[in-house]
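Colleague: Structural data only, the sequence is not supplied:
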C-alpha cells in the first residue's frame, strides 16, 4: 500500500513538473483496462472525498448520496474519459497528430488524478464569487493539460494545437459570458450556483 501511494505521488510529480517527458512516454500496448480502472478509482476517490466533506460540514448523508459517490461518480468519470477521448481524437485529426484511440485514452487517464481534486475544490465554493474564481482556475488548468496531451502525447503540430486550444478557450469564455454558465456551474457546485441567482 505504501509503495502504491509513493508510486502515485511520483506519477503526479513527474506529470506536473515535466509533462513533455511524461506524455511522450505513453505508448499503445493493448492494455486499455488499466486506463479505465484508473479513471473509475479516481472517480470513486473523488465521490467519497466530497461525501466526507459534506459529512464534516454537517450535511445529512442519504442512501442516494452514498450510491452517487461510490457508483454514479466513478461511472461518470469513465464516461468522461471516453467523451473527452473522442474530442481529443478530433483535435488530433485537425492538428495532424496520432490517430490512436488507445494513446488518447491512456493520455487522458494519466491526468485523472485531477478529477477528485477538482470535485473537492469545487465543493469548497461557498458563494458566487468563490465559484467564479475556482471554476475559472480549474478550467484553465484542464485546458493546459489538454494542450500538453494534444502536443506531446498525440504529437499534434504545435501551431495547430495552439489554434485549436485557443478556439476551445474562446468557446469556454462564451459560456462564462452567457446564461449557459448557470448550467455549467450547477454541475460543479449547486448551492454556490444558487447564490449567483439571488
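Modeller: Yep, that arrived. Source: prediction; values computed, not measured.
Colleague: CA atoms for contacts and neighbours, from now on please.
Modeller: OK.
Colleague: so where's the chain uncertain?
Modeller: Applying pLDDT under 70 to the chain flags the ranges 1-9, 11.
Colleague: Quick check, central residue of it?
Modeller: residue 115 (4.7 Å; CA atoms, centre = their mean).
Colleague: Can you name the residues that contact it?
Modeller: 42, 43, 46, 77 (CA atoms under 8 Å, 6 or more residues apart in numbering).
Colleague: May I ask which helix or strand encompasses it?
Modeller: Using DSSP states H and E, residue 115 sits within helix 114-123.
Colleague: Beyond that helix, next helix or strand please.
Modeller: Defined by DSSP H and E, the subsequent element after helix 114-123 is helix 128-148.
Colleague: Next, the buried residues of that following helix.
Modeller: 128, 131, 132, 134, 135, 138, 142, 143, 145, 146, 147, 148 (16 or more other CA atoms under 10 Å).
Colleague: what angle sits between the helix or strand that comes right after it and helix 128-148?
Modeller: Using DSSP H and E, the helix or strand that follows helix 128-148 in sequence is helix 158-177. Following axes from the mean of the first three to the mean of the last three CA atoms, to 10 degrees, one obtains 160 degrees for the angle between helix 158-177 and helix 128-148.
Colleague: Could I get the buried residue list for helix 158-177?
Modeller: Per 16+ other CA under 10 Å, helix 158-177 contains these buried residues: 158, 160, 161, 162, 164, 165, 172, 176.
Colleague: Does residue 121 touch residue 134 like I think?
Modeller: Yes - between residue 121 and residue 134 there is a contact at 7.2 Å, judged by CA atoms under 8 Å.
Colleague: Find the nearest non-adjacent residue to residue 118, please.
Modeller: residue 138 (6.9 Å; CA to CA, 6 or more residues apart in numbering).
Colleague: Looks like that neighbour contacts residue 119 (just checking).
Modeller: No - assessed by CA under 8 Å, residue 138 is found out of contact with residue 119, at 10.1 Å.
Colleague: Let me see the contact set for residue 183.
Modeller: No contacts exist for residue 183 under CA under 8 Å, 6+ apart.
Colleague: ok so, going back, okay, the residue nearest to the centre of the chain and residue 96: tell me how far apart.
Modeller: 28 Å (CA to CA, to the nearest Å).
Colleague: cool, residue 72 as well?
Modeller: 35 Å.
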